[in-house]
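K.L.:
my questions are about this predicted structure, shown below with the sequence.
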Number of protein chains: 2
Amino acid sequence: MLSTAKHRFLIIADGQFHPMTSKTANCCIRYMPERIVGVLDRAQAGKTVQDVLGFGGPIPVVGDFEHGLASGEGGGATAVLIGIAPMGGRLPPDWRGWLTTAIERGLEIWSGLHTFIGDDPELGALARARGVRIFDARRPPPNLPVADGRAAEVDAYIVHTVGSDCNVGKMTAQVELRDALARRGHRARFVATGQTGIFIEGWGIAVDAVVADFIAGAAETLVLEAAKDADIVLVEGQGSLIHPGYSGVTLGLLHGSCPDALILCHQASRDYIGDYHGREPWVKIPPLRELVEIYERAAAPVHPTKVIGICLNTFDLTEARARDAVRQAQDETGLPATDPVRFGSGPLADAIIREAMAAR
Amino acid sequence: MLSTAKHRFLIIADGQFHPMTSKTANCCIRYMPERIVGVLDRAQAGKTVQDVLGFGGPIPVVGDFEHGLASGEGGGATAVLIGIAPMGGRLPPDWRGWLTTAIERGLEIWSGLHTFIGDDPELGALARARGVRIFDARRPPPNLPVADGRAAEVDAYIVHTVGSDCNVGKMTAQVELRDALARRGHRARFVATGQTGIFIEGWGIAVDAVVADFIAGAAETLVLEAAKDADIVLVEGQGSLIHPGYSGVTLGLLHGSCPDALILCHQASRDYIGDYHGREPWVKIPPLRELVEIYERAAAPVHPTKVIGICLNTFDLTEARARDAVRQAQDETGLPATDPVRFGSGPLADAIIREAMAAR
């Protein structure tokens, strides 16, 4: 376990701080707001996080790095967290100055980029020279196994979130469900499979960053570990089976974690896979009913499972339209549906408990 | 392009030289026998390669490394090729002595293991000190992109082999088809996506060794390069969509290469996924008709494609049973079928040409 709790973070989200483009920043703000001193985005300096996201309160958005470091109570930031995930995850060159400054002042760097900052010849060397820790959350552990089916043999009930696309709420659903299940008295454990979840939970493996042969093996490793002290294991999903770039990660995770149940996540207003909007829209997201089939069919040969609930992200809809979307999803699939952030995760938590009991 | 042609290889396949367990060794022997001076397998010393595999002629199987290095005409081996691929691909510790000897004598090491020999503190340092090249075929190129759909836009006709399992003939099918299409006057190019294909072709990317987010991007990169000077691009498949450990690689490759057509490969006698036979049989291989559907459905949301032929591996069947299996596959799927090694790849080459013409 990492000590997320001891740090006060300045989040870098320069030029991309927005409800849809700064997922890591947004989720860290949602689930550990008391640890965030400020967000750096030169384009929106002077706003509050609440202004930009609709949650997060008075945390300031700053345009000056030094100013950001000094923000917040308790003496300013103790670490810098890279809060945006550009496609491909590589380090933007113009951030080097900021990171150099941070390291020189002894602040830890928390990064979820594919390019490991600790391996950067300049930044890594500087950090080592100064005795400053760089935490590259995506760096895989050594000696991952090829998946061997052992995730199917644990006693815990395994729930895996899958999605219509990236960035629709697969991690958020599990964090919300962990809390809802804990409130109902269950020993539930969240399994982080991406950098943001690892930042929040302090534990996990970024499965999109492991060597391809070991995607499923990484998922299996995580499930075995989490099942040691939990009755319900909540495995964060990644990507989508219909995402042209990341589908391999999604299938490996689905097969490696051998889930007992799936929760299908979708942004209600989204029609096309989002990463390809720069070009003409490419991959159309099929109806929910069809997505349920796609996931159940893909899992079946290795470990049959079923979708037991629908998790909608309705942040960009009016309240009335959001309720309509939830009702429609229920009607279309015959499954419980909710937006866990807007309407609570109760219906999904109840479905998990019901199914877990029935499976005993 | 690497200079496969200049080397004479001693292949290490110790304890595993067999038609089913030494795929890399066997394929190198099949497609470049004139370059192989011997095979090291202490358990079968004294036999010929023909004795063990049923092809390959008088190439000796040796039990002594030094003896092996001196085998063959033209002054013995100039390189050592690691010819077995243990599950997970890690370097067996007891081979260090042999590799040290080879490097000390100035012989190149060609390896397809996941653990890069060039990064080994002892062997890598020794090779650098002696100026000896270690070729780690699985080492990914730097700066792979996330797939962007550009493979769908090339003029060449893209054919991708997919399979019921690992080690059923997906690479062999493409190498045979490349030759058959060339004989028919077509500019066909084989795209190697695994270490064995890279050894044979001197070019490619081992997609199972790239960081998981870039599987499809690696496939796209390969297709774009191959399509520059070919009318038909033959993309080697990996794993299987129903393989619990490697399915992610398979789906990434399928989506990234945006194939116009698929050829489904299967070992006729195989009922279960092979890697899990140490435990009780786990994943049952469904009927061919169902596998066709699994692949076409998985591809459809990103880039619709269809299976246009069946490639059977019948090495362990009598001639009569093999012909039965081919007939059965044709009847079941309504598609042309053959064992390209046993009966020639004509029916599949014809199907590719027919479909490519129709697609223009």
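P.N.:
Great, that's in hand.

K.L.:
show the pLDDT at the residue of the stretch 251-360 of chain A found nearest chain B.
P.N.:
With distances taken as CB to the nearest CB, the stretch 251-360 of chain A approaches chain B most closely at A:G252, which sits 2.8 Å away. Any C-beta I mention is one placed from the backbone N, CA and C, and that applies to glycine too. On pLDDT, A:G252 comes in at 98.

K.L.:
next up, the contacts around it.
P.N.:
Applying CB atoms under 8 Å, 6 or more residues apart in numbering or on different chains to A:G252 gives the contacts A:A147, A:V207, A:A212, A:I215, A:A216, A:A219, B:A212, B:S247, B:G248, B:V249.

K.L.:
tell me what the helix or strand A:G124 falls within is packed against?
P.N.:
Secondary structure from DSSP states H and E places A:G124 in helix A:121-130. Helix A:121-130 sits against helix A:96-104, strand A:134-136, with contacts defined as 3 or more CB pairs under 8 Å, 6 or more residues apart in numbering or on different chains; DSSP states H and E.

K.L.:
state the number of residues packed around A:K284.
P.N.:
Neighbourhood size, A:K284 [other CB atoms under 10 Å in any protein chain shown]: 10.

K.L.:
ranges for the strands of the stretch 201-350 of chain A?
P.N.:
Assigned by DSSP state E, counting those that start in this stretch, the strands in the stretch 201-350 of chain A fall at A:232-235, A:261-267, A:306-313, A:337-338.

K.L.:
the longest one pairs with which strands?
P.N.:
Sheet partners assigned to strand A:306-313 using DSSP bridges are listed as strand A:261-267 (parallel), strand A:337-338 (parallel).

K.L.:
what's the closest of the helices and strands packed on helix A:121-130 to chain B?
P.N.:
strand A:134-136 (12.8 Å).

K.L.:
what's the first helix or strand after the closest one?
P.N.:
Past strand A:134-136, further along toward the C-terminus, the next helix or strand under DSSP H and E is strand A:157-163.

K.L.:
helix or strand right after that following strand?
P.N.:
helix A:170-183.

K.L.:
follow-up on the earlier one: most tightly packed of the helices and strands packed on helix A:121-130?
P.N.:
strand A:134-136 (a mean of 21; mean count of other CB atoms under 10 Å in any protein chain shown).

K.L.:
with mean pLDDT and distance to A:P60 added, can I get the helices and strands packed on helix A:121-130 in CSV?
P.N.:
Below are the helices and strands packed on helix A:121-130 laid out as CSV (pLDDT from 0 to 100; distance: least, CB to CB, whole Å):
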stretch, mean pLDDT, distance to A:P60
helix A:96-104, 95, 17
strand A:134-136, 96, 24
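
K.L.:
CSV please, covering the ones you listed and showing distance to chain B.
P.N.:
Listed next are the helices and strands packed on helix A:121-130 as CSV, based on distance: least, CB to the nearest CB, whole Å:
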stretch, distance to chain B
helix A:96-104, 18
strand A:134-136, 13
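
K.L.:
count of neighbours near A:S71?
P.N.:
19.

K.L.:
tell me if I am right that it is in a strand.
P.N.:
No: using DSSP: H, G, I helix; E, B strand; the rest coil, the assignment for A:S71 is coil, not a strand.

K.L.:
quick check: closest non-adjacent residue to it.
P.N.:
Sequence neighbours aside, A:G38 is the residue nearest to A:S71 in space, at 3.8 Å (criterion: CB to CB, 6 or more residues apart in numbering or on different chains).

K.L.:
confirm that that neighbour sits in a strand.
P.N.:
Yes: assignment of A:G38 by three-state DSSP places it within a strand.

K.L.:
which residues does it contact?
P.N.:
Contacts for A:G38 were tallied using CB under 8 Å, 6+ apart; they are A:L10, A:I11, A:I59, A:P60, A:V61, A:V62, A:G68, A:S71, A:G72, A:A77.

K.L.:
wait, isn't A:A151 in contact with A:L254?
P.N.:
No: A:A151 is beyond contact range of A:L254, at 10.9 Å (criterion: CB atoms under 8 Å).

K.L.:
which ones are touching A:I158?
P.N.:
So A:I158 contacts A:A151, A:V223, A:A227, A:V233, A:V235, A:S257, A:C258, A:P259, A:D260, A:A261 (CB under 8 Å, 6+ apart).

K.L.:
need the contact list for the residue nearest to it when sequence neighbours are not counted.
P.N.:
Excluding the flanking residues, the one nearest A:I158 by CB to CB, 6+ apart is A:P259, at 4.5 Å. Each residue near A:P259 by CB under 8 Å, 6+ apart is listed here: A:I158, A:V159, A:H160, A:V235, A:A299, A:H303, A:T305.

K.L.:
measure A:P259 to A:E290 for me?
P.N.:
Here A:P259 is placed at a distance of 20 Å from A:E290 (CB to CB, to the nearest Å).

K.L.:
likewise for A:L264?
P.N.:
11 Å.

K.L.:
tell me which of the two has more neighbours.
P.N.:
In this view A:L264 and A:E290 are compared by other CB under 10 Å, and A:L264 has more residues nearby, 28 against 12.

K.L.:
ok, the more buried one touching A:Y295?
P.N.:
Yes: look at A:L264 against A:Y295 with CB under 8 Å: they come within range, at 6.7 Å.

K.L.:
what do these two both touch?
P.N.:
Shared contacts of A:L264 and A:Y295, counting by CB under 8 Å, 6+ apart, come down to A:V162, A:V307.

K.L.:
now tabulate the contacts of A:I158 in TSV and tack on pLDDT and distance to B:I29.
P.N.:
TSV is the format used below for the contacts of A:I158 (pLDDT from 0 to 100; distance: CB to CB, whole Å):
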residue	pLDDT	distance to B:I29
A:A151	96	38
A:V223	98	40
A:A227	98	45
A:V233	98	46
A:V235	98	43
A:S257	98	39
A:C258	98	38
A:P259	98	42
A:D260	98	46
A:A261	98	48
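
K.L.:
any weak-confidence spans in the stretch 1-150 of chain A?
P.N.:
Across the stretch 1-150 of chain A, the ranges flagged by pLDDT under 70 are A:1-5, A:85-90.
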